[in-house]
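Chemist: have a look at this prediction, sequence included:
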Amino acid sequence: MKIFSGFNIPQNYYNSIILIGNFDGVHLGHQKLFKRARQYKKKFNYKIGVITFDPMPKMFFNKSLNNFKLMSLSQKIKQFEKQKVDFLINQKFSRKFSEIKAETFIKKYLNKKVKAKFLFVSNNFRFGNKREGDIKMLKYFERECIYKLIIPKPLKKNNKIISSTVIRKLLCDGNLNKANMYLTRNWEIEGKVQKGRQVGGKIGFATCNIDIGNYIVAKPGVYSVRVRLDKTKKKVKGIANLGFRPTFNQNKILLEVNLFNFNRNIYNKKLAVEFIKFIRREKKFKGIKQLTNQIKKDIRVAKNSLK
């Protein structure tokens with residue numbers, strides 16, 4: 001898959017099937033969209049391209065949304081490749097870009113720069129300065145700009161639309177199984193191992209400390225995990241605590257991972273932590289002994305869930 005940092009793309013990527021959106025999570029609903037796009041590719045022999053924005057516009061305009069994303073850009077790229085996307089336009093979202101008129105976005109960017117043949121968007125898609133553009137406007141310019149607008153019906157389960165918003169709520173509620181089902185894979189956080197206070201090592205359970213960046217904060221608590229080490233496909237089983245470590249009076253959210261049967265130095269290495277099972281919510285213990293006894297119980301539960 002070819003990646004472009006803006007709309008200036010080579011001519012051999014013109015006349016393509018274009019999907020526009022954040023695609024956070026690349027979940028079942030998104031996958032339905034990509035499947036439909038692949039059908040069009042097979043029929044018309046056009047390339048499939050995705051237009052997405054970084055940072056996500058919602059995060060750009062709402063600075064308080066520090067922890068919001070389901071996935072990083074690198075994770076998103078991997079999922080696009082699995083969906084057979086031919087190229088990605090990853091547009092930097094800025095104040096200047098946000099002020100582009102909706103009509104200009106259609107005529108200059110979608111038509112003149114990309115020359116889109118088919119446009120796939122959701123039925124609530126908004127774009128342009130002050131979100132003035134919508135699917136009615138895209139439909140209005142369809143003939144003039146020589147593209148065909150495709151608005152697939154959203155995917156529903158139990159009369160509920162599967163969306164990134166729904167998955168975020170599932171994770172926040174501790175409903176990891178359903179979130180993973182909607183993602184069609186285990187949710188994971190990528191991050192670098194940082195030097196911590198080494199409290200875990202002092203009580204017999206050494207951990208890797210990972211700053212979760214702007215990932216959504218799933219329900220604070222203990223999880224069984226599988227961890228993929230930097231640039232390898234090998235996965236190591238483990239247990240993780242996502243939260244504030246109330247026993248030690250911490251106030252910053254942190255992901256701590258204890259890897260089973262593992263003693264390598266992995267400081268500054270990039271890890272992908274795959275969340276398998278929510279074991280229990282985070283709680284404050286009266287003392288270290290009570291905490292270590294609970295950790296031993298949690299490890300037994302984690303190992304059983306990872307068999």
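Modeler: Done, it's in.

Chemist: so what's the residue nearest the centre of the chain up against?
Modeler: In the chain, the centroid-proximal residue (Cα atoms, centre = their mean) is residue 71; its distance is 2.0 Å. Contacts for residue 71 (Cβ atoms under 8 Å, 6 or more residues apart in numbering) come out as 24, 25, 26, 79, 215. In this view, the C-beta of every residue, glycine as well, is placed from N, C-alpha and C.

Chemist: so residue 37, which of the three states?
Modeler: Under DSSP: H, G, I helix; E, B strand; the rest coil, the three-state class of residue 37 is helix.

Chemist: brain fart, residue 268
Modeler: Quick answer, by three-state DSSP: residue 268 is coil.

Chemist: quick one, what contacts it?
Modeler: Going by Cβ under 8 Å, 6+ apart, residue 268 touches 192, 193, 194.

Chemist: what are the ranges of the helices in the stretch 201-307 of the chain?
Modeler: 288-305 (DSSP state H, counting those that start in this stretch).

Chemist: any weak-confidence spans in it?
Modeler: 201-204, 245-251 (pLDDT under 70).

Chemist: where along it do the strands fall?
Modeler: 208-210, 221-228, 235-243, 254-259, 270-281 (DSSP state E, counting those that start in this stretch).

Chemist: which one of the ones you listed lies nearest to residue 173?
Modeler: strand 270-281 (9.7 Å; Cβ to Cβ).

Chemist: for the closest one, which helices and strands make contact with it?
Modeler: helix 176-183, strand 188-194, strand 208-210, strand 221-228, strand 235-243, strand 254-259, helix 288-305 (3 or more Cβ pairs under 8 Å, 6 or more residues apart in numbering; DSSP states H and E).

Chemist: buried ones in whichever strand or helix holds residue 97?
Modeler: Applying DSSP states H and E as the criterion places residue 97 in helix 95-98. Of the residues in helix 95-98, 97, 98 count as buried by neighbour count, 16 or more other Cβ atoms under 10 Å.

Chemist: after it comes which helix or strand?
Modeler: Downstream of helix 95-98 (by DSSP H and E), the next one is helix 102-104.

Chemist: now that next one, how far from the centre of its chain.
Modeler: Once both centres are worked out by Cα atoms, centre = their mean, to the nearest Å, helix 102-104 turns out to sit 28 Å from its chain's centre.

Chemist: contacting residues around it?
Modeler: So helix 102-104 is contacted by 127, 128, 129, 132, 133, 137, 141 (Cβ under 8 Å, 6+ apart).

Chemist: what pairs with the very next helix or strand once past that helix, and is each one parallel or antiparallel?
Modeler: Moving toward the C-terminus from helix 102-104, the next helix or strand (DSSP H and E) is strand 118-120. Under the criterion DSSP bridges, strand 118-120 sits next to strand 17-20 (parallel), strand 148-150 (parallel) in its sheet.

Chemist: and residue 37, which of these is closest to it?
Modeler: It is, among those and with distance given as Cβ to Cβ, strand 17-20, at 5.1 Å.

Chemist: other residues contacting that closest one?
Modeler: 33-34, 37, 40-41, 44, 46-52, 110, 114, 116-121, 125, 127.
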